[in-house]
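A.B. asks: got a sequence here, can you build the structure:
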Amino acid sequence: VKFIANNLFMVNCAETNINPYKPRPDKLWDKRKAIHLFRRTSFGVDLTTIKASLNLDPVSVVNKIVDDARTLPPTAPPSWSNWTLSNYSSNQDIRITQIGSQYMEWNTQWIKDMINNGLRDRMSWFWSNHFVTKLETYFCPSWMYRYHALLQKHALGNFKTFVYEMGLTPAMLIFLNNIQNTRFQPNENYARELLELFTLGVDNGYNQSDIVNVARAISGWNGIDQTNLCGEVAFIQPYWDSGQKTIFSKTGAWGYADVINLLFDERPVQISEYISRKLYSNFVNPEVSEDMIKLLGKVFRDNNFELAPLMKAMLSCEHFFDDASVGTIIPGHIEYLLTFVNEIGYSEQLELYTAIGYSAAEYNQQMFSPTDVAGWPGNRLWVNSGSFQYRAESILNIMSYYYAKNGNKLEELRTLAKELINPGENSPTIICNAIIDHFLPNGLQKTVDYADALVVFKAEIPENYFQSGQWNLDWEYAPAQVLYLINYLANLPEFQLK
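C.D. replies: Numbering: from 1, shown residues only. Below is the predicted model of the structure:
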C-alpha cells in the first residue's frame, strides 16, 4: 500500500496460495496477523481475545470463528415482528411515529449484534449490500425484520437456498417489483437483477431472452392484501405464466423453483466465481486476484455452494495471511466506528450505537437502504473530503462520549496502552509506537512520521520528566495523552485502512 498526495493506491502482491496457513519464521502468527484476522471476520475484538488466539493454531482459530457464526441462534424477534397495518394506530401521525420507532429499534439492535456477534453479523451486513432492498419502498417494519432475519439465517449457509428464499421475501418482492410481475403484464426488474447482481454478474452467461423468460417463470407472486398491508405475500396461480420458456437453452414450463435450479445447474462456474470474487474483495483485498478466485470458486462448487467451507478456505489460506493482504480495505463508516469501539474495549451504550447509525446515514451509509440496487460501491469511495472529516471527528466524539459517561475519566485508554507494552515500560517512544502499530496495520511510512506522532503524544509535559524516568502510564494525564495521539492518528490517511 502506498500513500501519494494523501490518496490511497493499492496493488495486490500477495502470493497465490490457497493452502492452509502454517506459521514460520518468515510468516509469523503474531499480533498484527491476529488483528488482521479479527478485523476481517468481525467488527474488531479486544486485546484479550487477540492475545488468547496467539496460543492457538491460526487455522483452528478461523475454523472456530466460522463454526461459531454458523451455529449462532438468530436474534430474538421484536414484539412487532408479525405486525400488519391493523396493529398500528388509525391516526396517521401516530402510525408514522410507531413505524419510525420500530425502525430505529431494529437499527440499534443490528448494531448491537455487529458489536457482539462476530462473523455472523459481519456476514449479514455484507449480504445486506448484496441482496439489496430499500426500506422506503416497502415501509413495513415486519417486512424489514423478516428480511434481516433471512440475512442472519443464511449468512453462512447454503447460497442456493439463500437465493431461493430471498426472492420470496416481501421486502425483495416489492423493492424489485416482482410483486407487479404477472403473465398479463410482465415485469423484468427482479429477473434482471437476479442474474446481473445476485448470482452471475453483469453480462456473464445470460442474454436478454433469458431475462424475459426468467421473468415469465417467476411471475405470480402478487398476493398482497391491499386492505391490510405488511402481511404475507401469496402466490396467485392464475397470474403465473404457465407457458413454455427457454432459459439457458433449456425449455420447459418453468416456475420459480425451476429458475433457481437452472441457475445453479447450468451456470455453476459463473455463480461460484462471481460470489467468491465479491466475498474476496470484501474480506481479503479489493484488488482481486483472479487466480485466487478460480481456486475459491472450485471450493465453493465442490461444497455444493455451502458458504461456511468457502469462508474457511478463504480466511485460513496462506494468501489471506500474506503481508500484502494486511491493511488493504477501507471499511464503511459503521464498520469503521464499531471496530474502534470494540478494539478500545468500550462498554455497551445503546444510545451511542443509535447515534452511529444515524450519523453514518448522513454520509451515504443508511442501514436497510444502500445507495441503489447495486449496493454501496465501498472501499476508496467511502472517503472524500467531507466523509474523511466526519470519520476523524467521530473517533474523537466517541472517546469524548465515554469520557463524559465515565465521570470525566479515560481509563479504557490507559488500560489499552498498558496492554500493548511490557509491564513496567515507561519509554514514551516505545509506548507511542506500540499504539501507532496497533491501530495502523502497516504502521507509518517514515521515521519522521513516528517522530511527529511522538511530539503529539508527549503533549506539554516537560522533557525532563521523560528523561528522568519519572513519567509513566499511571500518571494522571497519561490517558489524555493517549487520546491526543489517537485523535492525531485518526486524521491520517493510514487510519482508514483495516
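
A.B. asks: helices and strands around the longest helix that the chain contains, which ones?
C.D. replies: Longest helix in the chain by number of residues (criterion: DSSP state H): helix 92-116. Judged by 3 or more CB pairs under 8 Å, 6 or more residues apart in numbering; DSSP states H and E, the packing partners of helix 92-116 are helix 118-128, helix 141-153, helix 333-344, helix 350-361. Every residue, glycine included, has its C-beta placed from N, CA and C.

A.B. asks: can you give me the strands in this protein?
C.D. replies: 2-4, 7-9, 223-224, 233-234, 245-247, 250-252 (DSSP state E).

A.B. asks: and the fifth one, what's buried?
C.D. replies: Neighbour-count burial for strand 245-247, with 16 or more other CB atoms under 10 Å as criterion, is recorded at 245, 247.

A.B. asks: quick one: neighbours of the closest residue in space to residue 456 that isn't next to it in sequence, just the number.
C.D. replies: With sequence-adjacent residues excluded and distances taken as CB to CB, 6 or more residues apart in numbering, residue 456 is closest to residue 488, at 4.4 Å. By the criterion of other CB atoms under 10 Å, residue 488 has 17 neighbours.

A.B. asks: my read is that residue 182 contacts residue 221, right?
C.D. replies: No - using CB atoms under 8 Å, residue 182 makes no contact with residue 221, being 9.4 Å away.

A.B. asks: quick one: which of these two has more around it?
C.D. replies: When residue 182 and residue 221 are compared for neighbours, residue 221 comes out ahead with 23 against 19, by other CB under 10 Å.

A.B. asks: how much space between residue 280 and residue 28?
C.D. replies: Residue 280 sits 24 Å away from residue 28, going by CB to CB, to the nearest Å.

A.B. asks: neighbour-wise, which of these two wins?
C.D. replies: Using other CB under 10 Å as the criterion, residue 280 and residue 28 rank with residue 280 on top: 24 against 13.

A.B. asks: read off the pLDDT value for that one.
C.D. replies: As predicted, residue 280 sits at a pLDDT of 98.

A.B. asks: who's in contact with it?
C.D. replies: Shown in contact with residue 280 (CB atoms under 8 Å, 6 or more residues apart in numbering): 288, 289, 292, 293, 296, 314.

A.B. asks: these, buried ones only, as a ChimeraX selection?
C.D. replies: Here is the ChimeraX command that picks out the buried ones among these, judged by 16+ other CB under 10 Å:
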select :289,292,293,296,314
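
A.B. asks: which one of the contacts of residue 280 sits closest to residue 171?
C.D. replies: Nearest to residue 171 out of the contacts of residue 280 is residue 314 (CB to CB; 28.2 Å).

A.B. asks: please name the nearest non-neighbouring residue to that closest one.
C.D. replies: Leaving aside its sequence neighbours, residue 314 sits nearest to residue 296 (CB to CB, 6+ apart; 5.8 Å).

A.B. asks: I figured that neighbour hits residue 313, correct?
C.D. replies: Yes - with contact defined as CB under 8 Å, residue 296 reaches residue 313; the gap is 6.4 Å.

A.B. asks: shared neighbours of these two, anything?
C.D. replies: Shared contacts of residue 296 and residue 313, counting by CB under 8 Å, 6+ apart, come down to residue 18.

A.B. asks: what about stretch 179-196, start to end distance?
C.D. replies: Using CA to CA, to the nearest Å, one end of stretch 179-196 lies 19 Å from the other.

A.B. asks: quick one: contacts of it?
C.D. replies: Against stretch 179-196 from outside (CB under 8 Å, 6+ apart): 163, 167, 172-173, 176-178, 202-203, 206, 210-212, 214-216, 218-222, 224, 233, 239-243, 259, 263, 373.

A.B. asks: got a quick ChimeraX command for the buried subset of these?
C.D. replies: Selection of buried members from the contacts of stretch 179-196 for ChimeraX, criterion 16+ other CB under 10 Å:
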select :163,167,172,173,176,178,206,210,211,212,214,215,216,218,219,220,221,222,224,233,239,240,241,259,263,373
